[in-house]
Structures are given as C-alpha cells and as structure tokens.
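A.B. asks: fold the following, please.
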Amino acid sequence: MGPARGLKKRRKIEKKPEENASASGSSEQERSVDWWDELSKRMNGLQSPSKDLDNFKSVFKISKRTFNYICSLVKEDMIAKPGNFTFSNGKLVSFEDQVAVALRRLSSGESLVTVGDSFGLHHSTVSQLTWRFVEAMEERGLHHLHWPSTEAEMTEIKSKFEKIQGLPNCCGVIDTTHIMMCLPSSDPASKVWLDHEKNHSMVLQAIVDPEMRFRDIVTGWPGKIEDWLVFQSSNFYKLCDKGERLNGKKLELSEGSEIREYIIGDLGYPLLPYLFIPYEGKELAELRAEFNKRHSATRLVAHRALARLKEMWKIIQGVMWRPDKHKLPRIILVCCLLHNIVIDMEDDVQDEMPLSHDHDSGYHQRICGSVDIKGVHLRDKLSLYLSGKPPP
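C.D. replies: This next block holds a predicted model:
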C-alpha cells in the first residue's frame with residue numbers, strides 16, 4: 001500500500017490569502033455576521049455571540065477572517081456538487097453552515113452524532129458535509145503546503161533557523177507522529193496497522209520550517225513502518241538523491257570549508273550528506289555535546305508543529321473509531337493544510353494556544369543506525385564550526 005502524499009494534483013494558481021480575504025464586500029461581511037448569529041443561537045443556546053469573537057474561535061478554533069478565507073477557497077467546488085441538506089427544523093443548510101459543520105468535526109474531534117446533535121443534523125449529513133469539504137480543500141488548498149520555490153524564500157527560512165540555535169544553512173526539521181485508530185480484531189487488516197507500541201496507527205511524517213509550517217508531508221503508511229523507511233519511500237528523498245532538492249547555495253564556514261543545504265532529524269533517521277542527526281552516546285566530547293544541544297533545541301520546532309496540529313484539529317489527536325484507511329490520509333492532509341492556512345493568515349488564535357511539544361505520547365525512540373561517510377564528515381565539519389574553534 002503506497003502513501004498518500006496529496007501533493008500531485010494542482011489546478012490554476014490561487015490568489016494569495018490576503019487577496020481572497022479582502023475581496024469580499026461589506027455586504028458579504030454583514031451576511032457572515034448574520035449567519036453566525038443565527039447558527040450560534042441554534043448551537044448550545046449562545047446569546048448574541050456575533051459581538052464576541054471569542055465565542056466564534058472557541059467553536060471553530062479560527063478567526064472569522066480565516067473562516068471567510070477558507071470559504072472563498074472551497075465555495076466553487078462545494079456549491080457545484082448536487083444535494084440539498086436540511087436541519088432538523090426543515091431549514092436548508094447554507095454553504096457557510098456546511099463549512100462550519102466540517103470545521104467543527106475536524107477541530108473538535110467529536111463523534112458524528114455529537115456534532116450532528118449540536119447543529120441539529122443527522123450524523124450521516126455531518127459525514128457527507130465533512131467529506132465534501134475535505135475533497136474541496138484537497139483541490140483548492142494545496143498551494144498552502146509546498147517546498148520553497150524561490151531563493152529568497154529559502155534564504156529567509158535558513159536565516160530564521162540560524163537565529164534559533166545557530167545552525168547555518170538549515171532548511172527544515174523532519175519528524176514523525178502517529179495517528180491512532182481503534183480497529184476490531186475481526187478486521188482482516190487489523191495486524192497490518194498494529195505498531196510497535198501495540199496501537200493501531202497510521203504514520204504522518206512532516207518537514208517543518210521555523211514558523212512551524214509544514215513544507216512536505218508523507219502519510220498513509222501503517223504506524224509500524226520505521227521512520228527511515230517512510231522517509232526513503234518519499235518523493236523528497238528521491239529528489240535529494242537525484243540532486244534536485246536541498247541543492248541550493250553552499251555556505252562557506254571557513255577558508256576551504258563549506259556546508260551544503262540540509263535538514264535535521266532525530267536518531268530514527270539515517271545520517272546523510274543532507275540529513276544531520278545527533279551524535280549517539282552519553283559521554284560525548286564537548287564539541288559533540290554542544291552540537292547535540294543546538295540540534296535538539298532546533299528540532300523542537302517540529303515537535304511543537306505536530307503537537308499544535310493535533311491540538312487544533314482534534315479529529316487526528318485521539319483514537320479514531322474504525323476509520324476508512326483510504327480516506328484517513330486525505331483527512332490528515334487537509335488538517336495539515338488548515339494548520340498552514342492559520343499560519344499564513346497570521347491568525348491570532350495561534351497566540352492563544354499553549355506551546356506543547358508532546359505529540360506522540362507513549363511512543364519510544366527507535367534508532368536507525370545507518371550512516372553515510374560523507375554525512376559523517378559534514379556533521380563533524382558543522383560541529384567544529386559551531387564550537388568556534390579553528391579547523392585543524
């Protein structure tokens with residue numbers, strides 16, 4: 001079974017978030033307020049929440065501005081699909097209602113029945129609306145998850161990484177997390193999805209930039225597949241091996257010594273010329289211990305990104321009840337897109353979330369142990385540079 005990377009199909013180039021978000025007129029904004037006022041009164045008996053932004057954020061985990069932008073992305077695709085949905089009182093479910101239902105399902109992690117009850121909808125309607133939204137976001141939101149395409153963009157990423165703990169020419173942090181599932185033992189595929197910690201899970205591997213934005217993801221593989229095997233299956237790995245990725249400007253560390261572009265990861269990955277992992281061992285020389293300290297502090301960016309992903313989009317945080325294994329990778333992808341959109345929109349909801357870094361509770365580090373001799377030399381060269389000592 002191959003991974004669902006979700007980055008193959010692209011349509012026309014989309015407008016920037018700011019362009020789309022500001023394109024709506026005042027009448028549309030007024031309608032949005034009226035829509036939310038009406039919906040919120042139906043949900044949980046809230047009183048006049050349209051005047052209180054906090055209530056909107058508590059329900060959907062995003063600001064109204066970000067919500068309107070997401071609506072602008074998916075509107076064409078969702079409206080084009082046939083089907084009239086109604087609330088239990090017989091009122092038609094508007095387009096904004098449809099997006100709201102899907103976002104509530106993804107952000108709360110509540111069951112289809114619970115979400116349906118809170119909106120006054122049958123659980124099957126919640127399922128259909130969520131899937132319509134997922135399909136539309138796959139098509140219309142992919143431009144929010146991409147590898148940097150310009151030298152200026154990559155230079156900015158490198159500069160921000162260097163400001164964290166001094167790692168020069170670093171382009172990303174790679175890490176893996178598990179999306180857990182509840183599968184009955186009678187399911188023929190049950191053993192396939194049973195991982196090393198005796199959970200049924202699917203893996204998500206992500207490369208993250210210094211602002212916790214996902215730049216490349218791979219998902220769809222069973223959780224028992226080792227991190228390095230997931231990495232080696234990825235298009236990113238193949239591009240690096242062919243010299244088509246992490247192939248930008250080399251940085252001169254000292255006279256006659258330079259370092260190429262690279263990413264960093266933990267001991268679950270191999271040491272490669274473009275992927276640096278920590279030094280193994282406890283009693284390390286000062287130079288190596290210092291490298292590990294900086295390396296570990298920089299990797300926190302990925303831990304926090306994955307923790308925030310699961311905290312904001314709780315459908316992938318807990319244990320999913322018998323999910324469709326073909327649909328789940330697409331749901332994971334859309335949660336990653338939404339995560340990036342919140343960052344791209346500079347949504348202040350981010351500032352209100354705790355900076356956790358525990359995204360894979362109960363999982364222990366598994367060690368790859370594979371090293372490439374060129375990677376060894378480059379890591380040593382980088383360690384020497386970070387120590388401030390002159391080369392021998």
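
A.B. asks: please count neighbours and contacts with C-alpha atoms only from this point.
C.D. replies: Fine.

A.B. asks: can you map out the strands along this protein?
C.D. replies: Using DSSP state E, the strands of the chain run over residues 170-182, 200-208, 214-222, 251-254, 257-259, 262-264, 275-276, 319-321.

A.B. asks: give me the helices and strands touching the first one, please.
C.D. replies: Using 3 or more CA pairs under 8 Å, 6 or more residues apart in numbering; DSSP states H and E as the contact definition, the elements that strand 170-182 packs against are helix 151-165, strand 200-208, strand 262-264, helix 286-312, strand 319-321.

A.B. asks: please repeat the previous calculation with a cut-off of 6 Å.
C.D. replies: strand 200-208, strand 262-264, strand 319-321 (3 or more CA pairs under 6 Å, 6 or more residues apart in numbering; DSSP states H and E).

A.B. asks: coming back round to it: nearest to Leu145, of the strands of the chain?
C.D. replies: Nearest to Leu145 among the strands of the chain is strand 214-222; the distance by CA to CA comes to 5.6 Å.

A.B. asks: mean confidence score for that closest one?
C.D. replies: In this model, strand 214-222 has an average pLDDT of 97.

A.B. asks: for that strand, packing partners?
C.D. replies: Contacts defined by 3+ CA pairs under 6 Å, 6+ apart place strand 214-222 against strand 200-208.

A.B. asks: CA atoms only: put the strand it packs on into PDB for me.
C.D. replies: Taking Å, rounded to 0.1, in the frame of the first residue of the first chain, the C-alpha atoms of strand 200-208 are listed here in PDB:
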ATOM      1  CA  HIS A 200      -3.300   0.600  15.600                       C
ATOM      2  CA  SER A 201      -2.000   3.600  13.900                       C
ATOM      3  CA  MET A 202      -1.100   5.500  10.700                       C
ATOM      4  CA  VAL A 203       2.100   7.500  10.400                       C
ATOM      5  CA  LEU A 204       2.500  11.200   9.400                       C
ATOM      6  CA  GLN A 205       5.900  12.300   8.500                       C
ATOM      7  CA  ALA A 206       6.500  16.100   8.100                       C
ATOM      8  CA  ILE A 207       9.300  18.500   7.300                       C
ATOM      9  CA  VAL A 208       8.700  21.800   9.100                       C
END
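
A.B. asks: can you tell me the closest non-neighbouring residue to Pro323?
C.D. replies: Leaving aside its sequence neighbours, Pro323 sits nearest to Met181 (CA to CA, 6 or more residues apart in numbering; 7.0 Å).

A.B. asks: pLDDT value on that neighbour, please?
C.D. replies: Value for Met181, per-residue pLDDT: 90.

A.B. asks: likewise Trp228?
C.D. replies: 96.

A.B. asks: go on, Asp358?
C.D. replies: For Asp358, pLDDT reads 79.

A.B. asks: one more: Gly45?
C.D. replies: pLDDT for Gly45: 52.

A.B. asks: any idea how far His326 is from Met181?
C.D. replies: Using CA to CA, to the nearest Å, we find Met181 at a distance of 13 Å from His326.

A.B. asks: between the two, who's got more neighbours?
C.D. replies: Met181 (20 against 12; other CA atoms under 10 Å).

A.B. asks: mind listing what that one touches?
C.D. replies: 200-201, 319-320 (CA atoms under 6 Å, 6 or more residues apart in numbering).

A.B. asks: and which of those residues is nearest to Phe276?
C.D. replies: Ser201 (27.0 Å).

A.B. asks: please identify the most buried of the helices and strands packed on strand 170-182.
C.D. replies: Among those, strand 200-208 has the highest mean neighbour count (mean count of other CA atoms under 10 Å), at a mean of 25.
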